[in-house]
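Novice: the sequence and its predicted three-dimensional model are supplied below.
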Amino acid sequence: MASTRFALVLVLVVGTAGSTEITPTDSSGGLRYEAPDDCQWWVRDPSVAGGQDEVALTCNLRTINSEFDTTNFSVIPSEHTTSLRVECNSDIMSRSSLDDKSFVHLTKLRALELEHCKLARWPAGTLLGLRDLRNLTVRTHNTDWPAMNLDFARDSFLPVRQLERLDLSCNNIWSFPEHIFCPLINMVYLNISENRLQDVSDLGFREKAPGQPQPLISEPEGGEPQQENTRSLAHPCSLDIQVLDTSFNHFVLIPANGFSVLRRLREFYIHNNEISMVADKALNGLKTLQIFDLSNNKVVALPSELFKDCRESIREIYLQNNSISVLAPGLFANLEQLLALDLSRNLLTSSWINADTFSGLIRLVLLNLSHNRISKLDPSFFRDLYTLQILNLEHNSIEMIPADTFAPMNNLHTLIISYNKMTYLDAYSLNGLYVLSLLALDNNLLEGVHPEAFRNCSSLQDLNLNSNQLKAVPLALKDMRLLRTVDLGENLITYIEEPGFRGLSTLYGLRMLGNRIQNISKRAFADLPELQILNLAKNRIQRIEHNSFSNSPKLQAIRLDSNQLTDVNGLFADIQSLLWLNVSDNHLEWFDYALIPQGLQWLD
């Protein structure tokens with residue numbers, strides 16, 4: 001037998017910790033509010049609620065009007081209720097349903113949220129009476145039940161013209177009725193992600209192409225010339241949407257003028273679809289667009305004038321994880337407001353990158369070209385990128401860096417060239433990088449580094465040279481006084497000789513794991529007074545001279561595991577700061593626990 005939820009029961013609730021907008025209350029605070037069963041209520045912060053007693057109500061139900069339940073929303077007090085969240089049981093795969101005028105008495109409601117309620121139909125009159133509604137969220141999560149999809153009646157949003165935010169994500173929606181969003185002239189945010197939408201035109205944001213031109217003057221038979229109305233067909237919608245999320249659907253094409261009705265659109269997310277084609281005027285009319293995310297699609301190429309209308313506003317472009325192999329001439333040229341451009345995980349080669357590709361990007365801060373097929377760099381590529389701060393070129397096929405390639409980038413602080421095919425770093429490859437802080441050259445084929453390679457990188461703090469073929473500590477490291485971490489692991493280094501790490505007075509982390517070092521002299525780390533973490537694991541170390549660590553009084557962690565040591569006694573006795581020591585997997589003949597620092601917390 002169906003049970004009636006929402007019984008009239010007074011519920012006194014202790015509020016959740018950490019809430020900034022809603023504070024718990026009870027009748028003793030002056031407000032008497034009878035919440036239905038299975039519901040909790042809070043009084044909104046008066047500073048947010050304009051000094052009024054406004055209640056936010058959350059109800060946890062099994063279903064809404066299903067074979068299990070009969071739901072009567074009319075028992076919810078209307079006087080103070082401005083926010084209602086209804087959450088159904090996500091584990092119950094039973095169809096819920098809503099009737100016309102389900103919430104008609106809640107005239108003060110400004111926010112309505114339905115979560116996990118498996119709805120298949122949204123009647124036109126569901127929202128009748130909610131004239132003040134500003135925020136509507138309907139997430140059925142029908143995606144958990146593939147056979148169930150949500151259908152909206154054409155006039156579903158006619159009663160809520162004041163709506164500002166609408167979230168219809170995760171509903172298995174296949175299509176919308178024509179012009180369903182037209183009444184929502186105040187809407188600024190629309191989320192229709194994670195549905196099954198297939199045709200951009202069905203969204204109703206596309207301006208129709210004008211009909212055949214008509215003559216200005218027509219001369220009817222036997223009459224005087226008359227004026228003709230030549231006005232193009234106007235779109236019935238006038239929408240102010242600023243943020244549109246259409247991600248995780250099944251769109252395959254962005255047609256010309258596909259979103260041209262949205263004149264005030266600022267953020268457009270259409271990532272994680274199946275888009276393989278973008279028409280010439282796909283972004284036509286979007287003159288205020290700032291963020292465009294087309295990542296995780298199947299795009300092969302983009303039209304050269306794609307960003308023509310938003311040239312003066314576009315700030316962020318995300319095109320990663322597509323199949324782009326061609327960059328049309330002028331595609332990104334002179335986008336003077338652009339701050340971030342992500343082209344990673346595509347099929348770009350050096351053939352399609354030239355002096356004009358990034359020309360005029362005078363405010364670009366982040367450029368990601370990683371996971372492509374770029375084999376050559378040229379100084380002309382980056383000539384206008386003097387504001388660039390982060391450049392990622394990892395996972396390409398770059399074999400060398402010509403002199404002055406990065407010279408214009410006097411603001412670059414992060415340069416990542418990991419996983420390429422470089423064999424040598426030249427003296428002039430890094431010219432001009434005066435503020436560079438992080439340099440990643442790991443996982444290349446580096447056999448050598450010119451002694452002057454870092455002479456212009458005086459601000460360098462973190463250097464990754466691991467997983468190369470270096471046979472010695474590069475001389476270029478000498479006197480790099482701001483270096484904080486150096487990774488020389490997984491190379492072919494057999495010994496540490498002068499000048500070694502001379503002048504690295506602020507270095508606190510040194511990783512040399514996986515080399516071929518056999519002996520450590522007491523001069524090896526003598527110039528590292530700030531060293532705190534030292535990793536020498538997986539080498540071939542047989543002997544370490546006494547006092548080898550005495551000039552590094554701040555050492556906290558040392559890894560010497562997986563070597564060939566037979567005796568380590570007395571090596572660490574004077575390092576009072578040492579907290580972590582690993583000397584496992586060696587050939588130790590004896591070990592005196594009395595000779596380890598008293599403050600040691602971890603020993604293997």
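Specialist: In hand now; what should we look at?

Novice: where does Glu113 fall, phi/psi-wise?
Specialist: Here is the backbone geometry of Glu113 (degrees, to the nearest 10): phi -130, psi 130.

Novice: low-confidence regions, this protein specifically.
Specialist: In the predicted model, the chain carries pLDDT under 70 at residues 1-30, 46-51, 208-236, 594-595.

Novice: for the spatially closest residue to Ala153 that is not a sequence neighbour, which residues are in contact?
Specialist: Closest residue in space to Ala153, ignoring its immediate chain neighbours: Ala124 at 3.8 Å, by Cβ to Cβ, 6 or more residues apart in numbering. For every residue, glycine as well, the C-beta is placed using N, CA and C. Applying Cβ atoms under 8 Å, 6 or more residues apart in numbering to Ala124 gives the contacts Asp100, Ala153, Arg154, Asp155, Ser156, Leu158.

Novice: of the residues you listed - the most surrounded one?
Specialist: Neighbour counts for those (other Cβ atoms under 10 Å) peak at Ser156, which has 21 neighbours.

Novice: so what's that one up against?
Specialist: Counted by Cβ under 8 Å, 6+ apart, Ser156 has contacts Trp122, Pro123, Ala124, Thr126, Leu127, Pro177, Ile180.

Novice: any idea where the strands of the stretch 401-550 of the chain begin and end?
Specialist: Per DSSP state E, counting those that start in this stretch, the stretch 401-550 of the chain carries strands over the ranges 414-416, 424-425, 438-440, 448-449, 462-464, 485-487, 509-511, 519-520, 533-535, 543-544.

Novice: identify the residues contacting Phe103.
Specialist: Phe103 sits next to Phe73, Leu84, Leu109, Leu112, Thr126, Leu127, Gly129, Leu130 when contact means Cβ under 8 Å, 6+ apart.

Novice: one more time with 6 Å
Specialist: Residues in contact with Phe103, defined by Cβ atoms under 6 Å, 6 or more residues apart in numbering, are Phe73, Leu130.

Novice: now it: how far from Asn191?
Specialist: 21 Å (Cβ to Cβ, to the nearest Å).

Novice: can you check Ser380 too?
Specialist: Separation of Ser380 from Asn191 (Cβ to Cβ) stands at 42 Å.

Novice: okay, the two: which has more neighbours?
Specialist: Neighbour count, other Cβ under 10 Å: between Ser380 and Asn191, Asn191 has more, with 20 against 16.

Novice: that one bridge partners, please.
Specialist: Judged by DSSP bridges, the bridge partners of Asn191 are Asp167, Asp245.

Novice: ok, Thr81 next?
Specialist: On the basis of DSSP bridges, Thr81 is bridged to Val55.

Novice: was I right to think it contacts Val55?
Specialist: Yes: using Cβ atoms under 6 Å, Thr81 is in contact with Val55, at 5.1 Å.

Novice: okay, now Trp174: neighbour count?
Specialist: 15.

Novice: give the contact list for it.
Specialist: By Cβ under 6 Å, 6+ apart, the residues touching Trp174 are Asn149, Arg196.

Novice: what helix or strand is it located in?
Specialist: Of the helices and strands defined by DSSP states H and E, none includes Trp174.

Novice: from Leu119, how far out is it?
Specialist: 14 Å.

Novice: cool, Leu364 as well?
Specialist: Applying Cβ to Cβ to Leu364 and Leu119 gives a distance of 45 Å.

Novice: kindly report the same for Gly500.
Specialist: 70 Å.

Novice: before we move on, what about Val449?
Specialist: Val449 is 63 Å from Leu119, by Cβ to Cβ.

Novice: ok, Asn464 next?
Specialist: Distance, Asn464 to Leu119, by Cβ to Cβ: 52 Å.

Novice: now do the contacts for Leu331.
Specialist: For Leu331, the contacting residues are Leu302, Ser304, by Cβ under 6 Å, 6+ apart.

Novice: rerun at 7 Å
Specialist: Listed by Cβ atoms under 7 Å, 6 or more residues apart in numbering, the contact set of Leu331 reads Leu302, Ser304, Leu306.

Novice: likewise for Asp132?
Specialist: Counted by Cβ under 7 Å, 6+ apart, Asp132 has contacts Lys108, Leu109, Arg110, Gln162.

Novice: what about the first one, how many residues close to it?
Specialist: Going back to what we said before, that points to Lys108. For Lys108, using other Cβ under 10 Å, the count is 18.

Novice: also the third one?
Specialist: Residues within reach of Arg110, counting by other Cβ under 10 Å, total 20.

Novice: ok, it touching Thr82?
Specialist: Yes: when contacts are counted by Cβ atoms under 7 Å, Arg110 is listed as touching Thr82 (4.9 Å).

Novice: out of the contacts of Ser156, who has the most neighbours?
Specialist: Going by other Cβ under 10 Å, Leu127 tops the contacts of Ser156 with 26 neighbours.

Novice: so it belongs to a strand, correct?
Specialist: No: under DSSP: H, G, I helix; E, B strand; the rest coil, Leu127 sits outside any strand and is assigned coil.

Novice: quick check, it in contact with Val160.
Specialist: Yes: with contact defined as Cβ under 7 Å, Leu127 reaches Val160; the gap is 5.0 Å.

Novice: which one of the contacts of Ala124 sits closest to Tyr434?
Specialist: Nearest to Tyr434, judged by Cβ to Cβ, of those is Ser156 at 59.1 Å.

Novice: before we move on, the earlier item: any common contacting residues for Leu127 and Val160?
Specialist: Leu133.

Novice: and of the strands of the stretch 401-550 of the chain, who's closest to Leu319?
Specialist: Using Cβ to Cβ, the strands of the stretch 401-550 of the chain put strand 414-416 closest to Leu319, at 18.4 Å.

Novice: packing partners of that closest one?
Specialist: Other elements packing on strand 414-416 under the criterion 3 or more Cβ pairs under 7 Å, 6 or more residues apart in numbering; DSSP states H and E are strand 390-392, strand 438-440.

Novice: include mean neighbour count and distance to Ser313 when you put those strands into JSON lines, please.
Specialist: Output for these, formatted as JSON lines (neighbours: other Cβ atoms under 10 Å; distance: least, Cβ to Cβ, whole Å):
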{"stretch": "strand 390-392", "mean neighbour count": "20", "distance to Ser313": "22"}
{"stretch": "strand 438-440", "mean neighbour count": "20", "distance to Ser313": "31"}
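
Novice: can you list those strands in CSV and add distance to Leu477?
Specialist: Listed next are these as CSV, based on distance: least, Cβ to Cβ, whole Å:
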stretch, distance to Leu477
strand 390-392, 22
strand 438-440, 12
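
Novice: please name whichever of those is nearest to Asn135.
Specialist: strand 390-392 (35.7 Å).

Novice: pull the most distant pair out of the contacts of Ser156.
Specialist: Farthest apart among the contacts of Ser156 - using Cβ to Cβ - are Leu127 and Pro177, which lie 14.9 Å from each other.

Novice: just give the closest residue to Ala526, not the sequence neighbours.
Specialist: Nearest to Ala526 is Asn551, by Cβ to Cβ, 6+ apart, at 4.6 Å.

Novice: chain center to stretch 365-383, what's the gap?
Specialist: Here the centre of stretch 365-383 is set off from its chain's centre by 21 Å, with Cα atoms, centre = their mean, to the nearest Å.

Novice: before we move on, back to that, show me which of Gly500 and Leu119 is the more surrounded one.
Specialist: Using other Cβ under 10 Å as the criterion, Gly500 and Leu119 rank with Leu119 on top: 24 against 21.

Novice: quickly list what the more buried one is bridged to.
Specialist: Counting by DSSP bridges, the residues bridging with Leu119 are Ser96.

Novice: I'd say it and Asn149 touch.
Specialist: No: with contacts defined as Cβ under 7 Å, Leu119 does not count as touching Asn149, sitting 9.8 Å away.

Novice: tell me which of the contacts of Leu331 is nearest to Arg523?
Specialist: Of all the contacts of Leu331, Arg523 sits closest to Leu302, with 57.5 Å by Cβ to Cβ.

Novice: for that closest one, what are its contacts?
Specialist: Val278, Ala328, Leu331 are the contacts of Leu302 under Cβ under 7 Å, 6+ apart.
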